[in-house]
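In: Quick one: sequence plus predicted model below, questions after.
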Amino acid sequence: MKLKDYVILMVFSLVLGWALLNSKPVIKDPLAWGEIAIQPIDTPIVHKDTLPIIYSVRGKKAIFIGDSHTSADYGWQYQVCKKTGMSMLNTAVGGKQTYWMLQTAPTVLAGDFDYCFIYGGANDMASNRPVIKSVKNIQKIVNICNERGIKAVVLTGFDPIMCVNVAGRDQYKGYPQRYAKFQQMLLDSIMGAQVVKTHCISRTDCGDFLCHMTASGHKKMAEAVISACKFKKI
């Protein structure tokens, strides 16, 4: 082979190699093949949980309807208002049943109130009243509140199975079970009100066998109501 032909062959080989090399896909991105890049998966933006809504009720007017579990001078109802800044009218009377509460409701609710707290039924159940009638009495009180633009809050009361001790007291036989049924019906059927399950105290917070609360019980009850209603403390 002549020198000239050899030089031409070498030049041709170099040109061909360069062309083949440049014809291969060039990786422009570590995640790309050829000219098609693989798009990275978007990382979702994690938003911080929104803070729970808390309502300021300072200056609002509250009325309380109930029996001895609400009538204590410095009981849970007093503490709810003191800790949130609400003014209070307490109409609760010891020993009264829901029928009496209903009878007095139109009169006591005649004022300008923002909230009505209803906590009754224990005396009904201790006297073996029909559960459904007592629940209907509570519902009728709630209805009066709604008609007058008052926000109704119904409390179930303590856990009667755990807190009431009727051993050896035949007149109260079946009372804890009736009271528990009454509370569940309040939770299941009351309409137009916030029903708060206040099973927040223990037997040690009871001052007697029917669980009239001690200071610790009233404190726990107040805290449970404030928390459930999302009231802001002052």
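Out: Noted; the coordinates are in hand.

In: List the buried residues for stretch 222-230?
Out: 222, 223, 224, 225, 226, 228, 229 (16 or more other Cβ atoms under 10 Å). For the C-beta atoms, the positions are set from N, CA and C on the backbone; glycine is no exception.

In: In a helix, the first one, correct?
Out: Going back to what we said before, that points to residue 222. Yes - assessed by DSSP: H, G, I helix; E, B strand; the rest coil, residue 222 belongs to a helix.

In: dump the residue contacts of it.
Out: Going by Cβ atoms under 8 Å, 6 or more residues apart in numbering, residue 222 touches 76, 77, 79, 80, 83.

In: The second one: which element?
Out: Secondary structure from DSSP states H and E places residue 77 in helix 76-84.

In: just residue 123 next, same as before
Out: Using DSSP H and E, residue 123 maps to helix 122-126.

In: Do me a favour and average the pLDDT over the helix or strand just after that helix.
Out: Going down the chain from helix 122-126, the next helix or strand is helix 131-147, by DSSP H and E. Helix 131-147 shows a mean pLDDT of 98.

In: again, but for stretch 174-191
Out: For stretch 174-191, the mean per-residue pLDDT is 98.

In: Which parts of stretch 197-208 count as buried, going by neighbours?
Out: Neighbour count says stretch 197-208 has 198, 199, 200, 201, 205, 206 buried, by 16+ other Cβ under 10 Å.

In: I'd assumed the second one was in a helix, is it?
Out: Yep, that's residue 199 we're talking about. No - Residue 199 sits outside any helix when classified using three-state DSSP, being coil.
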